[in-house]
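Undergrad: build me a model from this:
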Amino acid sequence: MTWRLPAACALVLAIGAATLPLQGRISEEAAQAHFRQTPLTLGLREQIGQSGFLAALSGFRSPLAAILWIEAHTAWENTEWGRMAGLFNTVTTLQPRSLPYWDMSAWHMAWNASIAALNNTRQPSEALRIRAQRGYIALGRDFLERGIRNNPDRPQLYIQLGVLLRDKLEDHCGAAEAFLKAASFPDAPAYAARFAGYEMAKCPGREREAYDHLRALYEKGESQRLPSLVNLLREMEIKLAIPESQRLPLPLPGS
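TA: Purely as a prediction, here's the structure:
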């Protein structure tokens with residue numbers, strides 16, 4: 001009997017050594033495809049309770065996330081912002097590859113909760129209202145950045161990050177980078193590249209780069225020649241002292 005334990009250990013080690021290259025290759029391919037599930041940790045168990053944790057372990061992540069999302073919507077209707085944020089964290093942990101969960105969580109935090117905090121009549125201190133507003137905007141940004149880390153191969157969350165940086169933080173340089181990254185994907189909407197140029201034009205030191213970027217879009221054809229793009233190009237031609245011969249053609253009379 002005493003020989004069996006060492007023999008069994010040796011067999012397990014041999015099988016493990018034989019399968020290690022295959023396991024490594026599978027893990028590498030999964031990482032490259034971004035099939036990265038968030039691990040089920042004790043922290044998650046604390047968030048969803050034992051029964052929910054067992055459901056997640058049993059492969060019911062998606063329906064559990066859907067139930068918690070409905071609960072989060074109820075928290076939104078009741079303006080329970082802290083509880084809503086906690087539920088959003090759980091939902092996105094359960095379904096890290098679901099873009100709508102990240103997108104809507106960020107929107108609720110950076111827009112709905114932040115505006116409610118700023119207009120909170122129960123808080124007489126304007127400074128504290130502004131601090132709360134900024135805190136919720138930061139939470140919204142965090143949802144988008146974590147969503148991007150889990151979905152780096154898709155443009156949608158980069159676009160939403162650009163919108164948040166532009167509209168909520170007036171970080172035009174950061175917004176330009178987010179829109180540029182979104183525009184680099186083949187399935188990105190056409191407006192992503194235009195938005196990148198618009199924000200770049202407001203980023204100190206990048207005006208010429210913005211002009212070249214927008215002019216390249218203009219040269220692609222009518223689909224990109226929106227009035228906002230054309231008007232900005234004409235303004236930048238004057239600001240950058242672009243030679244007359246290189247400027248956009250003047251519109252025909254009556255056009």
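Undergrad: what residues does the host helix or strand of Leu157 touch?
TA: Of the helices and strands defined by DSSP states H and E, Leu157 is found in helix 156-167. Residues from elsewhere that reach helix 156-167 (CB atoms under 8 Å, 6 or more residues apart in numbering): 99, 102-103, 106-107, 110, 137, 140-141, 144-145, 147-148, 151, 171-172, 174-176, 178-179, 181-182, 188-189, 192, 195-196, 199. C-beta here means a position set from N, CA and C on the backbone, and glycine is covered the same way.
Undergrad: pull the CA atoms of stretch 151-161 into CSV?
TA: Extracted C-alpha coordinates of stretch 151-161, given in CSV (Å, rounded to 0.1, in the frame of the first residue of the first chain):
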residue,chain,number,x,y,z
ASN,A,151,-13.1,44.8,-24.0
PRO,A,152,-10.0,46.4,-25.6
ASP,A,153,-11.0,45.1,-29.0
ARG,A,154,-14.2,47.1,-29.4
PRO,A,155,-14.7,50.8,-30.1
GLN,A,156,-18.0,51.6,-28.3
LEU,A,157,-16.6,52.2,-24.8
TYR,A,158,-13.7,54.3,-26.1
ILE,A,159,-16.3,56.6,-27.7
GLN,A,160,-18.3,56.9,-24.5
LEU,A,161,-15.1,57.7,-22.6
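Undergrad: returning to that earlier point: now the buried members of the contacts of helix 156-167.
TA: Neighbour-count burial (16 or more other CB atoms under 10 Å) applied to the contacts of helix 156-167 gives 99, 102-103, 106-107, 110, 137, 140-141, 144, 147-148, 151, 171-172, 174-176, 178-179, 181-182, 188, 192, 195-196, 199.
Undergrad: contacting residues for the closest residue to Ser62 other than its chain neighbours?
TA: Nearest residue to Ser62, sequence neighbours excluded (CB to CB, 6 or more residues apart in numbering): Gln95, at 6.4 Å. Gln95 sits next to 61-62, 65, 101 when contact means CB under 8 Å, 6+ apart.
Undergrad: picking up where we left off before, inside helices: which ones of the contacts of helix 156-167?
TA: Members of the contacts of helix 156-167 lying in helices (criterion: DSSP state H): 99, 102-103, 106-107, 137, 140-141, 144-145, 147-148, 172, 174-176, 178-179, 181-182, 192, 195-196, 199.
Undergrad: where do the helices sit along this structure?
TA: Applying DSSP H to the chain gives helices spanning 4-32, 42-57, 61-77, 81-94, 99-107, 114-118, 126-150, 156-167, 172-183, 191-201, 207-218, 227-239.
Undergrad: coming back round to it: show me what counts as buried in the helix holding Leu157.
TA: Result for helix 156-167 [16+ other CB under 10 Å]: buried residues 156-166.
Undergrad: could you dump these to TSV with distance to Arg206 and pLDDT?
TA: Shown next, in TSV, are the buried residues of helix 156-167 (distance: CB to CB, whole Å; pLDDT from 0 to 100):
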residue	distance to Arg206	pLDDT
Gln156	25	98
Leu157	23	98
Tyr158	18	98
Ile159	19	98
Gln160	22	98
Leu161	18	98
Gly162	15	98
Val163	19	98
Leu164	20	98
Leu165	15	98
Arg166	15	98
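Undergrad: so what's the residue count around Ser114?
TA: Close neighbours of Ser114, defined as other CB atoms under 10 Å, add up to 23.
Undergrad: that one against Gly140, yeah?
TA: Yes. In this structure Ser114 lies within contact range of Gly140 using CB atoms under 8 Å: 7.3 Å.
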